[in-house]
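Colleague: Build me a model from this:
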Amino acid sequence: MTTEAIAPPSTKSQVLRSFDVADFPALTGLEEEWRFTPLKRLRDLVTATSLGGAAPSVEFGDLPAGVTVSTADDVDPVLTPFDRISALAYGSAAGVTVIEVAAEAVPAEAAVIRLVGKGGAAAAARTVVRVGQFAKATVVLEQTGTVTLADNVEVIIGDGAQLTFVTLAEWDHDAVQAQHVKFRVGKDARVQHVQVTLGGDLVRQFTSVDYAGRGGDAELWGLYFADAGQHHEHRQLVDHSVPDCRSYVGYRGALQGKSAHTVWVGDVLIRAAATGTDTYEINRNLVLTDGARADSVPNLEIETGEVAGAGHASATGRFDDEQLFYLMARGIPEGDARKLVVRGFFAELINKIPVEELRERLGDAIEARLAEAGQ
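Modeller: Here you go, the predicted model:
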């Protein structure tokens with residue numbers, strides 16, 4: 001049993017962390033961390049003590065020079081689970097997929113790795129991404145197919161390295177995923193994470209960041225689009241424990257259709273030692289139809305007054321009819337005008353992705369969603 005704190009926590013710094021699923025109490029849905037999540041739709045991930053299903057297959061084509069993909073029986077962790085399902089994933093994963101970028105490597109193109117779910121019993125998976133010192137790379141992790149999956153992704157960015165990490169959850173509509181992505185950012189290192197969630201029945205993604213040295217910089221960008229019945233939940237915990245580091249969190253979501261539900265919870269912790277921290281987080285939601293619901297909760301916990309900047313914002317609104325009227329008055333048909341408004345809402349995030357084919361695909365997927373709903 002490995003327990004680093006006791007529950008219930010009064011601050012994020014005291015949250016229970018353990019690799020042992022037995023250390024976590026049974027989930028009831030009354031917990032603050034789970035009150036938005038429809039637990040029954042998580043299937044066996046809620047009650048199981050081990051998972052034996054087949055993990056998604058790992059597929060990739062030619063990789064750019066300086067990038068390798070391999071498997072290992074185990075890898076020393078940088079993530080200690082914050083919750084029961086993350087611990088369940090650690091205890092159940094059979095092996096680790098390791099994506100490595102060599103020190104000082106600057107691959108000419110993005111490395112694209114695909115995780116393809118084949119269905120079946122609930123499964124666990126673990127992926128580790130290592131970026132060597134002073135490397136500069138883009139890694140794309142695409143997730144497709146059908147799953148009931150608990151998985152952990154650990155990303156270690158070496159000193160002075162720069163990583164753009166794109167994760168795309170484009171699961172089939174019956175898929176269920178509970179994922180934890182953990183970033184450890186080295187001295188003077190920079191990571192830009194772009195998280196895209198389009199598919200699945202229920203997708204719950206937790207992203208956490210900590211810093212291993214001064215000058216670390218983390219930007220977390222998120223794009224999600226929920227249709228009728230879908231539940232997309234995104235949570236972040238940025239843990240500033242080192243001086244002179246920066247973070248920026250910017251998530252945008254659109255939702256349409258009966259019982260479409262999105263949740264965004266952004267937690268930033270600035271510990272007493274983290275003087276000179278500069279942080280900001282913002283979430284914006286665009287509700288396109290009646291019957292859809294967006295919950296948005298920014299949280300900022302500060303233990304020192306010596307910060308460079310700290311703030312947060314959240315805004316949820318309905319479709320802008322005035323903007324739509326403006327476009328239609330200039331001869332643009334209503335359907336095309338709606339597509340332009342939504343695409344403009346997401347444009348900043350889509351442009352963060354340094355892969356043209358993927359940017360075009362996401363734009364097409366968003367327009368297809370609107371067309372299916374008659375928008």
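Colleague: Sheet partners, orientation included, of whichever strand or helix holds residue 218?
Modeller: Secondary structure assignment for residue 218, by DSSP states H and E: strand 217-226. Neighbouring strands of strand 217-226 in its sheet, by DSSP bridges, are strand 190-197 (parallel), strand 246-255 (parallel).
Colleague: can you list those in TSV and add distance to residue 155?
Modeller: Where C-beta positions appear, they are placed from N, C-alpha and C, glycine not excepted. Formatted as TSV, the entries for those read as follows, by distance: least, Cβ to Cβ, whole Å:
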stretch	distance to residue 155
strand 190-197	7
strand 246-255	15
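Colleague: can you redo those as JSON lines with mean neighbour count, mean pLDDT and distance to residue 208?
Modeller: Formatted as JSON lines, the strands paired with strand 217-226 follow (neighbours: other Cβ atoms under 10 Å; pLDDT from 0 to 100; distance: least, Cβ to Cβ, whole Å):
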{"stretch": "strand 190-197", "mean neighbour count": "23", "mean pLDDT": "98", "distance to residue 208": "11"}
{"stretch": "strand 246-255", "mean neighbour count": "23", "mean pLDDT": "98", "distance to residue 208": "11"}
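Colleague: So, low pLDDT: which residues of the stretch 251-375 of the chain?
Modeller: Within the stretch 251-375 of the chain, the segments meeting pLDDT under 70 span 373-375.
Colleague: quick one, helices of it?
Modeller: Per DSSP state H, counting those that start in this stretch, the stretch 251-375 of the chain has helices spanning 321-328, 334-350, 356-372. These are given in chain order.
Colleague: Quick one: closest of the strands paired with strand 217-226 to residue 335.
Modeller: Set against residue 335 and scored by Cβ to Cβ, the strands paired with strand 217-226 come closest in strand 246-255, at 15.7 Å.
Colleague: and residue 228, how many neighbours does it have?
Modeller: 15 (other Cβ atoms under 10 Å).
Colleague: That one: what's it in contact with?
Modeller: 256-260, 291, 373 (Cβ atoms under 8 Å, 6 or more residues apart in numbering).
Colleague: how about a cut-off of 6 Å?
Modeller: The contact partners of residue 228, taken as Cβ atoms under 6 Å, 6 or more residues apart in numbering, are 257-258, 260.
Colleague: cool, residue 105 as well?
Modeller: Residue 105 makes contact with 66, 135, according to Cβ under 6 Å, 6+ apart.
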